[in-house]
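Enquirer: give me coordinates for this.
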Amino acid sequence: MSSKPQVRVAMAVITRAGRYLICRRRPNDHFGGYWEFPGGKKEARESWEACLRRELREELGVVVRNLQPFGRIRHQYIDRLISFRVFRCRLARGQPRPLGTQAIRWVRAERLWRYRFPPADLALIARLSLGNNLGIPRRGIPSAGEGQGKSQLSRRRRRAII
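Expert: Residues are numbered from 1 along each chain as shown. Have a look, this model is predicted:
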């Protein structure tokens with residue numbers, strides 16, 4: 001077991017008119033200026049669903065419904081281990097606005113590769129943009145570079161980055 005701190009994060013995959021909602025991290029945050037899917041850190045006695053609802057309300061001013069588990073991601077960074085629970089969900093109330101982020105965008109799946117995301121998000125982007133034909137199991141999303149999609153991940157990441 002790693003002695004590095006473990007961070008638990010709930011992440012939302014929200015779609016509208018064939019586009020995914022992504023958020024730009026604030027400049028002084030870890031991975032400042034990078035894009036990510038909305039969500040945030042889970043508190044000690046909080047359920048994953050309650051965490052995601054709270055984070056989306058605080059960061060985007062929205063209420064969501066129909067939370068459906070979409071996978072898990074574990075990614076080891078140099079200084080920490082991040083464990084994500086990914087949920088598909090729908091907006092129930094409110095229009096997303098960047099309250100706790102620098103900016104937001106609605107982006108088509110095939111264009112997600114043009115944005116700079118933290119390494120932990122790359123396998124999820126592969127699943128969304130290339131479908132589930134990379135051998136990515138529904139319950140677990142491998143770290144970037146694992147499995148059959150490695151060459152496709154590398155090729156896609158070389159494209160222009162915003």
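
Enquirer: which residues does the closest residue to I22 other than its chain neighbours bridge with?
Expert: Nearest residue to I22 in three dimensions, chain neighbours excluded: W35, at 4.8 Å (C-beta to C-beta, 6 or more residues apart in numbering). All C-beta atoms are positioned from the backbone trio N, CA, C, and that covers glycine. Beta bridges link W35 to R24, judged by DSSP bridges.

Enquirer: pretty sure W35 sits against Y20.
Expert: No - using C-beta atoms under 8 Å as the test, W35 is too far from Y20 to be in contact (10.4 Å).

Enquirer: list the contacts of the residue nearest the centre of the chain.
Expert: For the chain, F37 is the residue whose C-alpha lies nearest the centre (C-alpha atoms, centre = their mean; 3.5 Å). Counting by C-beta atoms under 8 Å, 6 or more residues apart in numbering, F37 makes contact with 11-13, 20-23, 86, 121, 124.

Enquirer: which ones among those lie within strands?
Expert: For the contacts of F37, membership in strands holds for 11-13, 20-23, 86, with DSSP state E as the criterion.

Enquirer: show me the two of those that sit farthest apart.
Expert: For the ones in strands among the contacts of F37, the farthest-apart pair by C-beta to C-beta is C23 and V86; their separation is 14.7 Å.

Enquirer: how near is R85 to F31?
Expert: Distance, R85 to F31, by C-beta to C-beta, to the nearest Å: 19 Å.

Enquirer: what's the answer for R53, then?
Expert: From R53 across to F31, the span is 23 Å (C-beta to C-beta).

Enquirer: the more surrounded of the two?
Expert: More crowded of R53 and F31, by other C-beta atoms under 10 Å: R53, with 22 against 15.

Enquirer: report the secondary structure state of the more buried one.
Expert: Using DSSP: H, G, I helix; E, B strand; the rest coil, the structure places R53 in helix.

Enquirer: how about it, nearest residue that isn't a chain neighbour?
Expert: Nearest-residue entry for R53: V64, 6.3 Å, with adjacent residues in sequence omitted and distances by C-beta to C-beta, 6+ apart.

Enquirer: my guess is that neighbour contacts R88. True?
Expert: No - V64 is not in contact with R88 according to C-beta under 8 Å; the separation is 9.9 Å.
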